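>>> could you look at this predicted model? Sequence included:
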Amino acid sequence: MLHLGRLCMVSAAIALAACTTGSLRSDAPPLSVSSTAADSPAAQLQWLDRVTWGANASSQAELAKTGLARWMGRQLKPQPQPLPPAAQAQVDAMTISRTPLDQLVIGLDAQRKAADALPDEEEKKAARRAYQQALTRLAREAQQRFVLRALYSPNQLQEQMTWFWMNHFNVNLRKDNIRALVGDYEENAIRPHALGRFRDLLGATLHHPAMLRYLDNAQNAANRINENYARELMELHTLGVGGGYSQADVQELARVLTGVGVSLQPLDAVPNIRPAVRADYVRKGLFEFNPNRHDYGPKTLLGQPIQTRGLAEADEALDRLARAPATARFISRKLAVYFVADEPPPALVDRMASAFTRSDGDIAVTLKALFESPEFSASLGRKFRDPVHYVMAGVRLAYDDCVALDVNPMLNWINRMGEPLYGHETPDGYPLNEAAWASAGQMNTRFEIARAIGANGAVLFRADDKAPLEKPAFPQLAESNAVRTKQGSLSEDTREALAQAKNPQEWNTFLLASPELMRR
């Protein structure tokens, strides 16, 4: 059995080589940053803590070699790069990575129907339980894949933004069959557009069955209007509360979205569409626009008539929403809350909104304006970590690029703190502010999780919970170059606590539970 410390060093060397050679393909313009930030190891570590899922020794070494400005440019315009082989192998083995979504979901629907049709009650219960277990396994795979990418992807900003947009365009696992859909939703609707154009991202979410099922647009039809998705599309996804729309606009947008839904019929099955609108029918995978269910009457949205007809009405509406000044401000402010402060400076939001508008909603351009701002630099080390960020940062710092074989303990830690992946029930997503996550109970739980990572983190590096733990069963945190750099900025109270630690496990726990590690 390979010693855990040696395994980590080998894995880190492979990963660092991959990300330094792969990133050289990027021709993204460098970021304009101050010489202090560019030259100071402590400042660079703060940038890593904010831009990535958590600073570690290998990312510190890569940034030092590349330079902060050029490293940030490559994060904003990332090139495709693989995960470390041990992590990529886990992702490649997942059902959600190997089976197309339509094939997966249509097959599961057939399984559900077959279970419901069984005459024997005990057999029916067992078959229904097997169906539910299959859905749960697919959701677990999506969660595991997200964690592996957050921990080990060289394109850390892309992974941060994938989480941000998954939270912004929130769907919940517990509704309908979304457990089977959420992995593809993240993979094909969110991640490809996470640093692209907001309009493309908005359109991708509208066309995905996870969103249409979650916000009930699959039931929205001309003779039974459902306003859920239309309302959230304006209130939460684009214009924001107070963004200048009315209840009449919600009703009109709901009419625009009639017929936009989901089909679990075989892909070659064509519904009986009335001849006058048969040419308007659209089927792409599970997405379906059914003209029989669409309201073809005239519509007015945000004071302007809708000029197109059929599914094109939705594109026209999204163009209007994505380019509205209220959307530029709403999205810019939410990004500033995520990356700068719970109450971001209005002047910063204004500059970001201008960049958003000038670039036609280019997310990377908007973020570049944020990262180059003095407000961003002044905020480093102050933004409170939500539970997902806290767990990711702790494991990245403690174990660097040593690839975990079992990330389920991490998912359990995140669940204990009340932020399960894809688990927020309402469409608004998890809150991004400190007040939501800084209760006394939360801090007690974080101390216990700090102890789990710092004293028994080797649970992440065994294939199953019956396998023996590697020795030592805790990380060598004090030996990390990133930790040594970080120690210079620790408070006197934290340094005193570390000095009183009786053993390395306790030292690790005190560091990971320190006030400094609660912030990024």
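Arrived safely.
>>> any idea how far stretch 211-222 is from the middle of the chain?
Stretch 211-222 sits 23 Å away from the centroid of its parent chain (CA atoms, centre = their mean, to the nearest Å).
>>> list of residues touching that stretch?
With contacts defined as CB atoms under 8 Å, 6 or more residues apart in numbering, stretch 211-222 is touched by 169, 171-172, 175-178, 181, 185, 189, 205-206, 209, 226, 228-229, 232, 254-255, 257-262, 287, 293-296, 427. No exception for glycine: its C-beta is placed from N, CA and C like everyone else's.
>>> one more time with 6 Å
Residues outside stretch 211-222 that contact it (CB atoms under 6 Å, 6 or more residues apart in numbering) are 171, 175-176, 205, 226, 228-229, 232, 257-258, 260-262, 293, 295.
>>> so of those, which ones are in helices?
Taking DSSP state H, the ones among the contacts of stretch 211-222 that sit in helices are T205, N228, Y229, E232.
>>> of these, closest to L138?
Closest approach to L138 among these (CB to CB): T205, at 19.5 Å.
>>> I figured the closest one hits A189, correct?
Yes - counting by CB atoms under 6 Å, T205 does reach A189; the two are 5.3 Å apart.
>>> quick check, nearest of the contacts of stretch 211-222 to L477?
In terms of CB to CB, no member of these lies closer to L477 than V171, at 36.5 Å.
>>> that closest one and D216, how far apart?
Counting by CB to CB, to the nearest Å, the gap from V171 to D216 is 12 Å.
>>> the more surrounded of those two?
Between V171 and D216, V171 has the larger neighbour count (other CB atoms under 10 Å), namely 26 against 15.
>>> only the buried residues of stretch 510-519, if you could.
For stretch 510-519, a neighbour-count test (16 or more other CB atoms under 10 Å) marks F510, L511, L512, A513, S514, L517, M518, R519 as buried.
>>> the helix or strand the first one falls within packs against which elements?
When you say that, I think you mean F510. Secondary structure here is read from DSSP states H and E; on that basis F510 sits in helix 504-512. With contacts taken as 3 or more CB pairs under 6 Å, 6 or more residues apart in numbering; DSSP states H and E, helix 504-512 sits against helix 440-456, helix 492-499.
>>> how far away from the center of its chain is that helix?
29 Å.
>>> contacts for it next, please.
By CB under 6 Å, 6+ apart, helix 504-512 touches G394, A450, R451, I453, G454, A455, F474, L477, A497, L498, A501.
>>> what's the neighbour count on the residue nearest to the fifth one when sequence neighbours are not counted?
Distance criterion CB to CB, 6 or more residues apart in numbering; nearest residue to G454, sequence neighbours excluded, is N508 at 2.9 Å. Counted with other CB under 10 Å, residues neighbouring N508 total 27.
>>> and which of the contacts of stretch 211-222 is nearest D92?
V171 (24.7 Å).
>>> now that closest one: closest residue in space that isn't a chain neighbour?
Y214 (4.1 Å).
>>> report pLDDT for the one you found.
The per-residue pLDDT reported for Y214 equals 98.
>>> from N220, how far off is it?
Taking CB to CB, one finds Y214 at 13 Å from N220.
>>> ok, A114 next?
From A114 to N220 the distance is 29 Å (CB to CB).
>>> more neighbours: which of these two?
The neighbour comparison of A114 against N220 (other CB under 10 Å) goes to N220, with 26 against 12.
>>> mind putting the ones in helices among the contacts of stretch 211-222 in JSON lines, neighbour count included?
Shown next, in JSON lines, are the ones in helices among the contacts of stretch 211-222 (neighbours: other CB atoms under 10 Å):
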{"residue": "T205", "neighbour count": "24"}
{"residue": "N228", "neighbour count": "16"}
{"residue": "Y229", "neighbour count": "24"}
{"residue": "E232", "neighbour count": "21"}
